[in-house]
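Asker: no sequence for this one, just the structure:
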């Protein structure tokens, strides 16, 4: 039975066993796994704006140039709250890389 269901549904055998035991939630009520997003949409917008304005450097170089470009970004787009600015500055190079990857 497990083999048939696995084949029909396209699941791995382990996943089928978990589904039959009620250990896997499916559909709209399924919980998302992983950690919650740390950056808000506003912070992502600021990071992407600076990234595009600074000729799209890698995450490591973007991390180094953020303090230099923040002033220029504020001059063109308006002031940024100090708390938001601190969260943007505290992002790691890898996080910056992930944020800019989609753009």
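Answerer: Looks like it arrived, so ask away. The structure presented is a predicted model; accordingly, all values stated were derived computationally and were not measured. Numbering: from 1, shown residues only.
Asker: so which elements touch the helix or strand harbouring residue 69?
Answerer: If you go by DSSP states H and E, residue 69 is part of helix 59-77. Helix 59-77 sits against helix 41-53, helix 82-89, helix 93-101, with contacts defined as 3 or more Cβ pairs under 8 Å, 6 or more residues apart in numbering; DSSP states H and E. For the C-beta atoms, the positions are set from N, CA and C on the backbone; glycine is no exception.
Asker: buried ones in the second one?
Answerer: Residues of helix 82-89 classed as buried by neighbour count (16 or more other Cβ atoms under 10 Å): 85, 87-88.
Asker: could you do stretch 11-27 as well?
Answerer: For stretch 11-27, using 16+ other Cβ under 10 Å, the buried residues are 11, 16, 19.
Asker: which residues sit against it?
Answerer: 2-3, 5-6, 9, 31 (Cβ atoms under 8 Å, 6 or more residues apart in numbering).
Asker: which residues of the protein score low on pLDDT?
Answerer: 25-30 (pLDDT under 70).
Asker: between the helices and strands packed on helix 59-77, which one is closest to residue 76.
Answerer: Nearest to residue 76 among the helices and strands packed on helix 59-77 is helix 41-53; the distance by Cβ to Cβ comes to 8.3 Å.
Asker: what about the closest one, distance to the chain center?
Answerer: 13 Å (Cα atoms, centre = their mean, to the nearest Å).
Asker: do stretch 71-78 as well
Answerer: The answer for stretch 71-78 is 24 Å, by Cα atoms, centre = their mean.
Asker: list the buried residues for it?
Answerer: Those would be residue 73, for stretch 71-78 by 16+ other Cβ under 10 Å.
Asker: brilliant, that's me finished.
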